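Trainee: Compute the structure for the input listed below.
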Amino acid sequence: MSLKHAILGLLRSQPLSGYVLKTQHFDRGVAHFWTADQAQIYRTLDQLREQGLVEEELVVQQDRPNKKNYRLTPEGEAELVQWLATRQKEPPLREPFLVQVFFGDALEKPELLQVLRDKLEERRQVLAALKAIEVPEPAEPSLIVTLRGSTRDLGVAYEHVAIRWLEDLITRVEGLPERACRKPALSGARQARQSRPGR
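Mentor: Numbers count the residues shown, from 1 in each chain. As a prediction, this is how the structure comes out:
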């Protein structure tokens, strides 16, 4: 997914300013699967305007400075629909925390446990934020509510799995005897480096 298509999707419902895109949508509505800072949003809006996919409209306001809203053009709608119908490749997986876990035996046991507990607290906070997202209950079945609610549901399910995994891992590490947590001996080359004068 690209920021370009996320913005086109959000503008499909109604014209929006860059500020509203940031504060009402990328900070809240879609934050559980796509984030962007203010500079990225405005830069992408400029590119979309140059490509003819959105157009600006000036909104005159009496009690505050005028603002620019961005409206989806027919060309923007066509670009979005084409992208939505295209199979998307999974991005390469890069998870720094799993690198920490994989090589965590280099840490002392209390240090490792602190890293795991910090991540557990972070995941619990993310879960709470996801549960706080309100999904309206339509009077009649609605495709848009079903689809948008499902993205939150997937996030909630993922966080539950991650929390259970972390809780289990912490319990297992806590239960390991000290002899099982001894660091492996340094390699000969590393020992030689650390034994040089001045080290």
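
Trainee: so how many other residues sit close to Lys183?
Mentor: When counting by other C-beta atoms under 10 Å, one arrives at 10 neighbours for Lys183. For glycine as for every other residue, the C-beta is placed from the backbone atoms N, C-alpha and C.

Trainee: Hmm, Phe103 and it touching each other?
Mentor: No. Counting by C-beta atoms under 8 Å, Lys183 stays clear of Phe103, with 11.4 Å between them.

Trainee: how close does His32 get to Val156?
Mentor: 9 Å (C-beta to C-beta, to the nearest Å).

Trainee: what's the overlap in contacts for these two?
Mentor: Residues touching both His32 and Val156 (C-beta atoms under 8 Å, 6 or more residues apart in numbering): Leu130.

Trainee: From the rest of the structure, what touches stretch 163-172?
Mentor: 101, 113, 116-117, 119-120, 123-124, 127.

Trainee: same check, this time on stretch 89-105
Mentor: Taking C-beta under 8 Å, 6+ apart as the rule, stretch 89-105 contacts 112, 115-116, 119, 169, 181, 183-184.

Trainee: Same question for stretch 120-127.
Mentor: So stretch 120-127 is contacted by 155-156, 159-160, 162-163, 166-167, 170 (C-beta under 8 Å, 6+ apart).

Trainee: Break this protein down into its domains, please.
Mentor: 3-84, 96-184 (automatic domain parsing).

Trainee: Comparing those domains, which comes out most buried?
Mentor: domain 3-84 (a mean of 16; mean count of other C-beta atoms under 10 Å).

Trainee: quick one, strands of the protein?
Mentor: Secondary structure of the chain (DSSP state E): strands at 54-59, 67-72.

Trainee: what does the average pLDDT come to for the last one?
Mentor: When pLDDT is averaged over strand 67-72, the result is 93.

Trainee: Low-confidence stretches in the chain?
Mentor: 1, 184-199 (pLDDT under 70).

Trainee: and with 90 instead?
Mentor: 1-2, 27-33, 35, 58-67, 90-93, 132-142, 144-145, 148, 177-199 (pLDDT under 90).

Trainee: quick one on the thing from earlier: now compare the contacts of stretch 163-172 and name the two farthest from each other.
Mentor: Spatially, the most separated pair among these is Leu113 and Leu127, at 20.8 Å (C-beta to C-beta).

Trainee: Against Thr86, how distant is Leu98?
Mentor: From Leu98 over to Thr86 (counting by C-beta to C-beta), the distance is 29 Å.

Trainee: Just give me how far the top helix by length along the chain sits from the chain centre.
Mentor: Counting residues, the longest helix found in the chain (DSSP state H) is helix 143-175. Distance, stretch centre to chain centre, for helix 143-175: 14 Å (C-alpha atoms, centre = their mean, to the nearest Å).
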